[in-house]
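*Asks:* model the structure of this input:
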Amino acid sequence: MAAAALSMAPSQISTARSFTDLTSEELLVAVGGADQAAFAVLYDRVSPQVLGVALRVLRDRALAEEVTQEVLVEVWRKADRFDPDRGTASGWITTLAHRRAVDRVRSEQASRDRDDRVSRRDEVRAFDSVADEVQVNLDHWQVRRALATLTERQREAIELAYFGGHTYRDVARVLGIPEGTAKSRLRDGLLRLREALEGLV
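*Replies:* Coordinates of the predicted model:
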């Protein structure tokens, strides 16, 4: 690379000789001056290298091609930041490509992790919902089986008190029996119901 060429203004480099004869460093300096013709030549020259870097990191051609386009747009936008005294154009562009590809890997992984978390949460919710429904149905079945073991009078009192929300006084009034009798039916019915439920577990 000729130091004199790099010290020239971008417009002078553009007219100094054919773009295809310029080094990548000289082209990048010209691109830094918004020279579209220089960029077209540089694009053709470095895009296979950028694609190769992206493909090695991403291992997915479609993603690598997307990253290659993003990197080359970044080269166009940031070319004026390139300092030929601090490194080669190839090294500078390769660094941009590697960083962008790594960022895409992280982004894709984060997206997959989010999808996995949502999927697992939905699966857990679906399982919990089914489990709850099964438990409720099982509880209802067990209660119905247990109620069937009670006498008709006990069952009547239990259903009024615990499924109808009545107090023992209400039960006595509805059934037309003394409050003491209502208490006894409820107590005896509950004891028998508990024994029946324990036998079904």
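*Asks:* just for this structure, where's the confidence low?
*Replies:* When the per-residue scores of the chain are filtered using pLDDT under 70, the ranges that remain are 1-17, 119-141, 163, 199-201.
*Asks:* one more pass at 50, please.
*Replies:* Residues of the chain that meet the criterion pLDDT under 50 lie in 1-9, 11-16, 127, 130-131, 134, 138.
*Asks:* domain map for the chain?
*Replies:* Structural domains of the chain, as assigned by automatic domain parsing, span the residue ranges 3-114, 148-200.
*Asks:* the residue most central in space within the chain sits in which helix or strand?
*Replies:* The geometric centre of the chain, computed from its C-alpha atoms, lies nearest to residue 114 (C-alpha atoms, centre = their mean), at 1.5 Å. Under the criterion of DSSP states H and E, residue 114 resides in helix 89-147.
*Asks:* buried sites along stretch 28-43?
*Replies:* 28, 29, 30, 31, 32, 35, 38, 39, 41, 42, 43 (16 or more other C-beta atoms under 10 Å). Where you see a C-beta, it was placed from the backbone N, CA and C, and this is true even at glycine.
*Asks:* repeat for stretch 64-71
*Replies:* For stretch 64-71, the neighbour count (16+ other C-beta under 10 Å) marks 64, 67, 68, 70, 71 as buried.
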